[in-house]
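> curious how this folds, go ahead:
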Amino acid sequence: MTVALVLADEADAGLRGRLAALGVQRVDATDRAGPGLLTVADAARATGERVLICAGDDAVPEEILARLLEAGGTAAFTGLRAPVPRAAGSRETPSARPGGGALVVDTPDLDALADAAESLAARQAGPAAVGALLGELTQRGVTVRVLDAGPDGEGLVARLIVDPAARDMAVWAYGRELGPAALYGISLGLGLLAAFWFTDTATGAQVLASVTLLVSFLVARSGGQLAAAGRDGRARPAVDWFGAAAGLLTEFAVYAALAVRSGLVGASGAGHPAGLNGIFGGTLRNTLAAGWQGAGTEGVWRLAVAAMLLLGVRRMAEVCYEAAVGAPGPIFTRSSRRLPGQVIALPTGERYAVIAVTAVFFGPRLTFGVLLAWGAVAAGYVLARQMASTAGQARAEGELPAYRGDGVVPRWLGGVVQGMLPPLLPVLTGLLVTCMLAVLGLANLPGILVLTPAVAMLPAALGARHPHNGRLDWLVPPLLLTGEGVFLAALGFSGQVPPPLVFALLAAVIMRHADLAYRARSGLGVPADAFGLGWDGRMLLAGLAAVFGILSAGYAVLAGYLWLLACWEFLSGWLRSAS
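Got it, this is the predicted structure:
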């Protein structure tokens with residue numbers, strides 16, 4: 001039997017029905033402030049059964065409730081944060097009101113729950129959140145499995161190998177007053193160190209790099225545990241973005257290092273095809289893997305760019321899905337029959353495992369091939385689940401336009417049609433044209449015709465002011481990133497831009513899209529990306545650079561500008577919002 005306590009004035013009928021369907025036999029409602037927390041303490045001491053605590057202004061999705069009840073032990077989902085938009089003309093940083101969260105406490109931890117609730121009630125001035133209770137339990141040495149820790153779901157590597165150690169590390173860090181930002185910074189440092197070692201051609205260095213990468217993931221998961229257990233505050237959005245950015249930068253750096261390694265081996269005359277320089281890489285010399293996207297070093301860079309773009313688009317899709325339906329994209333239930341689904345979804349732990357194994361034994365060419373093939377299957381699998389789950393769910397209205405990364409021109413064009421044009425069809429049309437021309441080769445387009453893909457994407461601007469409340473409108477921002485990324489990659493490689501420069505520009509573009517999405521997620525969204533030029537401005541500038549024959553210089557300037565802008569806005573925007 002499980003007893004549910006809903007921290008709200010009244011538990012709505014829908015939540016009661018969902019809990020009853022999941023086997024919860026008793027549901028009580030109480031205040032979210034001090035008196036309600038004392039009720040939690042009394043129930044913990046009197047019931048003798050597991051206690052499920054639900055809190056927040058938004059309903060917790062049934063799939064998450066089921067996952068919590070099946071998890072075993074004490075587990076939590078700390079909830080989504082619904083942004084409170086900044087008032088017009090205000091310079092104040094908007095707060096993020098606590099979203100739906102839930103905590104299930106197993107019977108051995110009920111005494112600790114009672115003590116934590118009483119302690120929190122004695123000093124809690126406002127409504128309590130699940131994260132606050134979770135922090136109190138962690139301080140008392142209770143091991144809590146946080147199911148939403150980290151930006152990319154769990155998976156078997158995280159669940160069975162990394163998270164048990166990550167929870168212990170989180171408790172250790174909590175006792176020494178180390179915050180999640182410190183752990184994210186350590187994780188990023190270890191990830192960059194692993195990337196440095198991946199450039200070494202020696203097998204020992206590759207093994208050391210793989211181990212360091214997995215330790216980086218362990219520290220990042222610990223940071224995610226601490227971030228989920230933290231109290232709501234102004235610093236939380238900045239910490240969330242820093243964690244997500246650290247994860248992306250780590251993976252991008254590793255991809256770039258593996259591509260650099262393929263060039264170093266080719267220059268050394270080792271006799272292996274470029275990118276097949278692992279212990280058993282020579283066995284793949286006469287296979288499809290040896291010549292896919294070109295047998296030379298440039299082919300490896302092409303694969304690296306494709307893998308990076310696939311990762312960025314997937315991350316954007318997850319964030320936009322979360323904004324649309326109020327549930328994280330990679331959530332899966334915990335029953336044993338769903339474990340294969342977690343592996344198929346290729347979360348971060350599985351990607352790092354693929355990198356660690358294939359880079360050492362076969363080289364980066366196979367690493368990128370596996371990441372692309374498995375990643376495409378994973379993207380289709382997750383996308384199918386997400387599309388199916390949106391059928392009966394309410395969708396947010398008016399938030400997703402800030403995730404698009406539009407420049408000034410799309411905002412103006414969207415105002416011309418007054419938000420009446422649905423956004424998805426124009427984006428799909430422009431993306432189709434861009435991908436077709438990329439496959440045929442942009443180098444075959446003479447003169448100003450190289451701007452055709454950029455012009456084909458412009459009709460997507462007409463939907464910029466639409467509320468994006470259609471069932472699949474959450475796909476628009478990741479599709480815009482796809483169109484921009486495909487165009488810039490195809491133009492760069494066809495225009496003989498140095499591959500590392502193409503990689504650097506695409507990495508900066510992906511980070512810019514993610515930055516804007518996390519701002520919108522936190523209530524800090526901008527109506528038009530004037531400083532970042534918008535996806536439209538960047539495509540047009542790249543096309544004009546090709547027309548005037550200065551494509552490499554244009555890519556270098558644009559990449560440098562975007563990376564400097566990312567650093568400046570993190571220091572002047574995100575950190576200021578956390579103060």
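
> quick one: residues contacting residue 403.
Each residue near residue 403 by Cβ atoms under 8 Å, 6 or more residues apart in numbering is listed here: 316, 319, 320, 323, 477, 516, 517, 520, 521, 525. For the C-beta atoms, the positions are set from N, CA and C on the backbone; glycine is no exception.

> do you know the pLDDT at it?
Note for residue 403: predicted pLDDT of 91.

> name the nearest residue to it, ignoring sequence neighbours.
Once flanking residues are discounted, residue 403 sits nearest to residue 477: 4.3 Å by Cβ to Cβ, 6 or more residues apart in numbering.

> helices and strands around the host helix or strand of the one you found, which ones?
Using DSSP states H and E, residue 477 falls within helix 476-494. Applying 3 or more Cβ pairs under 8 Å, 6 or more residues apart in numbering; DSSP states H and E, one finds that helix 476-494 contacts helix 297-325, helix 424-440, helix 452-457, helix 499-521, helix 534-547, helix 551-569.

> between helix 476-494 and the first one, find me the angle.
Think helix 297-325. Orientation of helix 297-325 against helix 476-494 (axes from the mean of the first three to the mean of the last three Cα atoms, to 10 degrees) gives an angle of 170 degrees.

> low-confidence ranges in the stretch 451-579 of the chain?
Applying pLDDT under 70 to the stretch 451-579 of the chain picks out residues 573, 575-579.

> residue contacts, the nearest residue to residue 426 once chain neighbours are set aside?
In space, and not counting its chain neighbours, residue 426 is closest to residue 459: 4.2 Å by Cβ to Cβ, 6+ apart. Contacts here follow Cβ under 8 Å, 6+ apart; on that basis residue 459 touches 426, 429, 430.

> out of the residues you listed, which are buried?
426, 430 (16 or more other Cβ atoms under 10 Å).

> per-residue confidence averaged over stretch 145-152?
56.

> typed the wrong thing, it's stretch 303-314
Taken as a whole, stretch 303-314 has a mean pLDDT of 94.

> before we move on, the earlier item: got the contacts of residue 459 as TSV, with distance to residue 167 columns?
Formatted as TSV, the contacts of residue 459 follow (distance: Cβ to Cβ, whole Å):
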residue	distance to residue 167
426	46
429	48
430	46
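
> of the contacts of residue 459, which is the nearest to residue 502?
Of all the contacts of residue 459, residue 430 has the smallest distance to residue 502: 21.2 Å, by Cβ to Cβ.

> what number of residues lie near residue 190?
20 (other Cβ atoms under 10 Å).

> cool, the one 3 residues further on as well?
Counted with other Cβ under 10 Å, the burial measure for residue 193 works out to 17 neighbours.

> that one belongs to a helix?
Yes: counting by DSSP: H, G, I helix; E, B strand; the rest coil, residue 193 is found in a helix.

> top helix in the chain by residue count?
In the chain, with assignment by DSSP state H, the single longest helix is helix 235-268.

> so what does the helix or strand containing residue 380 touch, helix or strand wise?
Per DSSP H and E, residue 380 falls inside helix 364-389. Identification of packing neighbours for helix 364-389 by 3+ Cβ pairs under 8 Å, 6+ apart yields helix 235-268, helix 288-291, helix 297-325, helix 339-344, helix 348-361.

> can you pull the buried residues of that helix?
Across helix 364-389, burial judged by 16+ other Cβ under 10 Å covers 364-372, 374-375, 378-379, 382-383, 385-386, 389.

> and it with helix 235-268, angle?
Angle, helix 364-389 to helix 235-268, by the same axes, to 10 degrees: 150 degrees.

> quick one: contacts of stretch 544-553?
Applying Cβ under 8 Å, 6+ apart, the set of residues contacting stretch 544-553 from outside is 442, 447-448, 450-451, 491-492, 495-498, 501, 542, 554-555.

> grab the nearest non-local neighbour of residue 445.
Closest residue in space to residue 445, ignoring its immediate chain neighbours: residue 452 at 6.4 Å, by Cβ to Cβ, 6+ apart.

> how about the one you found, what does it touch?
Counting by Cβ under 8 Å, 6+ apart, residue 452 touches 433, 437, 445.

> can you flag the buried ones in those?
433, 437, 445.

> show me which of these is closest to residue 202.
Nearest member of these to residue 202, counting by Cβ to Cβ, is residue 437, at 42.3 Å.

> show me the contacts for the residue nearest to that closest one when sequence neighbours are not counted.
Spatially, and ignoring its direct neighbours in sequence, residue 437 is nearest to residue 453 (5.3 Å; Cβ to Cβ, 6+ apart). With contact taken as Cβ under 8 Å, 6+ apart, residue 453 is in contact with 430, 433, 434, 437, 438, 442, 483, 487, 490, 539, 543.

> which of those residues tops the neighbour count?
Greatest neighbour count in the contacts of residue 453, by other Cβ under 10 Å, goes to residue 487: 28 neighbours.

> could I get the contacts of residue 453 as a markdown table with distance to residue 359?
Listed next are these as a markdown table, based on distance: Cβ to Cβ, whole Å:
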| residue | distance to residue 359 |
| --- | --- |
| 430 | 36 |
| 433 | 36 |
| 434 | 32 |
| 437 | 33 |
| 438 | 28 |
| 442 | 31 |
| 483 | 30 |
| 487 | 29 |
| 490 | 27 |
| 539 | 33 |
| 543 | 35 |
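
> wait, which of those is closest to residue 226?
Using Cβ to Cβ, the contacts of residue 453 come closest to residue 226 at residue 483, 37.1 Å.

> look up how far residue 360 lies from the closest residue to that closest one other than its chain neighbours.
Spatial nearest neighbour of residue 483, chain neighbours left out: residue 431 (4.6 Å); criterion: Cβ to Cβ, 6+ apart. The spacing between residue 431 and residue 360, counted by Cβ to Cβ, to the nearest Å, is 37 Å.

> and residue 474, by the same measure?
To residue 360, residue 474 is 38 Å away according to Cβ to Cβ.

> the two: which has the busier surroundings?
Legend: neighbour count by other Cβ under 10 Å for residue 474 and residue 360, higher for residue 474 (29 against 21).

> closest one of the buried ones among the contacts of residue 452 to residue 45?
Among the buried ones among the contacts of residue 452, and counting by Cβ to Cβ, the member closest to residue 45 is residue 433, at 65.7 Å.

> do you know how far the nearest residue to the closest one once chain neighbours are set aside is from residue 484?
Among residues not flanking residue 433 along the chain, residue 456 sits closest, at 3.8 Å (Cβ to Cβ, 6+ apart). Distance of residue 456 to residue 484, computed by Cβ to Cβ: 12 Å.

> and for residue 407?
In terms of Cβ to Cβ, residue 407 sits 11 Å off from residue 484.

> residues shared between the contacts of these two?
Taking Cβ under 8 Å, 6+ apart as the contact rule, residue 407 and residue 484 both touch residue 535.

> the two - which one has more neighbours?
Between residue 407 and residue 484, counting by other Cβ under 10 Å, residue 484 is the more crowded of the two (28 against 23).

> that one and residue 509 touch, don't they?
Yes: with contact defined as Cβ atoms under 8 Å, residue 484 counts as touching residue 509 (6.2 Å).

> which neighbours do those two have in common?
Contacts common to residue 484 and residue 509, judged by Cβ under 8 Å, 6+ apart, are residue 538.

> before we move on, the earlier item: the helix holding residue 380 to helix 348-361, inter-axis angle?
160 degrees.

> skip ahead from helix 364-389 and say which helix or strand is next.
Where DSSP H and E defines the elements, the next helix or strand beyond helix 364-389 is helix 408-416.

> and residue 469, that one's in a strand?
No: Residue 469: not assigned to a strand; according to three-state DSSP it is coil.

> burial check on it, number of neighbours?
Applying other Cβ under 10 Å, we find 16 residues neighbouring residue 469.

> surely residue 503 and residue 306 touch.
No: contact criterion Cβ under 8 Å: residue 503 and residue 306 do not qualify, at 10.6 Å.

> give me the local confidence score for the closest residue to residue 527 other than its chain neighbours.
Leaving out its chain neighbours, the residue that sits closest to residue 527 by Cβ to Cβ, 6+ apart is residue 411, at 6.0 Å. At residue 411, the pLDDT value in this model is 84.
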